[in-house]
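Undergrad: Sharing a model prediction with you, sequence too.
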Amino acid sequence: MTNELGVRLMGNYKIKVNIEIIESDEAISASPEEMETGVFEFNISPEAAESIDACEQALLSTNYPALRSALAHHLETLSQKKRKPRQKQGFGK
């Protein structure tokens, strides 16, 4: 996307959040574990899964590191884009 002067404009950004609470045979986790950038998993006990307070706490403690990871990745990507030198077209300096 460019403006009338041909200067590249930044596009809009979409923020997506996907939360899944599913039954699992995996071992209970002591804390959220990062699976990939911005994606964390936290395996809780069946008792915790039945408690609204315990589930809410698990969701909040999983959300924060996921948010920080995704935000850090986003800002690093923007920073790298800004650092790329723009090559001039044609001859000369």
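TA: Yep, it's here.
Undergrad: could you pull out the helices for the protein?
TA: Applying DSSP state H to the chain gives helices spanning 46-49, 52-83.
Undergrad: so can I have JSON lines of these showing distance to residue 34?
TA: No exception for glycine: its C-beta is placed from N, CA and C like everyone else's. As requested, those are exported to JSON lines (distance: least, CB to CB, whole Å):
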{"stretch": "helix 46-49", "distance to residue 34": "20"}
{"stretch": "helix 52-83", "distance to residue 34": "6"}
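Undergrad: and of the ones you listed, who's closest to residue 38?
TA: Across the helices of the chain, residue 38 has its closest neighbour in helix 52-83 (3.3 Å, CB to CB).
Undergrad: surely residue 61 meets residue 32?
TA: Yes: between residue 61 and residue 32 there is a contact at 6.1 Å, judged by CB atoms under 8 Å.
Undergrad: Give me the more crowded residue out of the two.
TA: The residue with more neighbours, out of residue 61 and residue 32, is residue 32; 18 against 13, by other CB atoms under 10 Å.
Undergrad: Quick check: the gap between that one and residue 75.
TA: Separation of residue 32 from residue 75 (CB to CB, to the nearest Å): 21 Å.
Undergrad: again with residue 65
TA: Relative to residue 75, and taking CB to CB, residue 65 is found at 16 Å.
Undergrad: Looking at these two, which one has more neighbours?
TA: Higher neighbour count among residue 65 and residue 75: residue 65, with 16 against 10, using other CB under 10 Å.
Undergrad: Looks like the more buried one contacts residue 34 (just checking).
TA: Yes: assessed by CB under 8 Å, residue 65 is found in contact with residue 34 at 7.0 Å.
Undergrad: Quick one: low-confidence residue ranges for this structure.
TA: 1-2, 7-8, 85-93 (pLDDT under 70).
Undergrad: Grab the nearest non-local neighbour of the residue positioned nearest the centre of it.
TA: Of all residues in the chain, the one closest to the mean position by CA atoms, centre = their mean is residue 70, 2.4 Å from it. Among residues not flanking residue 70 along the chain, residue 38 sits closest, at 3.3 Å (CB to CB, 6 or more residues apart in numbering).
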